[in-house]
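# build me a model:
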Amino acid sequence: MNALTITKENFETEVTKSVKPVLLDFWAPWCGPCRMVSPVIDEIAREFQDIKVCKVNVDEQPELAYAFGAMSIPTIAVLKNGKVVNRTVGARPKSAILKLLGK
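As a prediction, the model looks like this:
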């Protein structure tokens, strides 16, 4: 499965009400570190069906970035039952992102 694009319109349905843990990647197309992490996020989305992997373009969804305090990107958050349980800022290797997920 590919990473879902999250907007303020689908945020509640796809993230807040998700029964699966959610990996939420805040990114922008002009961000070099975000472009480095993007293939890793996509790979995790394909490999782990027990996790919902989502991406938020901070240029298109500034309200969501603000709500999560994503002042630097990439910001990666893990949510369970609609609550942030883990987060990191900056480009991270796949192993570090999986560790955030408890994998």
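# top helix in this protein by residue count?
Scanning the chain for the helix with the most residues, using DSSP state H, yields helix 32-47.
# outside of that helix, which residues touch it?
1-3, 23, 25, 27-29, 51, 53, 55, 73-74, 76, 90-94, 97-98, 101 (CB atoms under 8 Å, 6 or more residues apart in numbering). C-beta here means a position set from N, CA and C on the backbone, and glycine is covered the same way.
# quick check, central residue of the chain?
residue 24 (1.7 Å; CA atoms, centre = their mean).
# grab the nearest non-local neighbour of that one.
residue 77 (4.6 Å; CB to CB, 6 or more residues apart in numbering).
# now swap in residue 96 and tell me
Take residue 96 and drop its neighbours on the chain: the residue closest to it by CB to CB, 6+ apart is residue 88, 7.1 Å away.
# what helix or strand is that neighbour located in?
strand 83-89 (DSSP states H and E).
# give me the distance between that strand and the centre of its chain.
Centre-to-centre, strand 83-89 and its host chain are 9 Å apart (CA atoms, centre = their mean, to the nearest Å).
# where's residue 87 relative to residue 40, distance?
16 Å (CB to CB, to the nearest Å).
# please apply the same query to residue 21.
17 Å.
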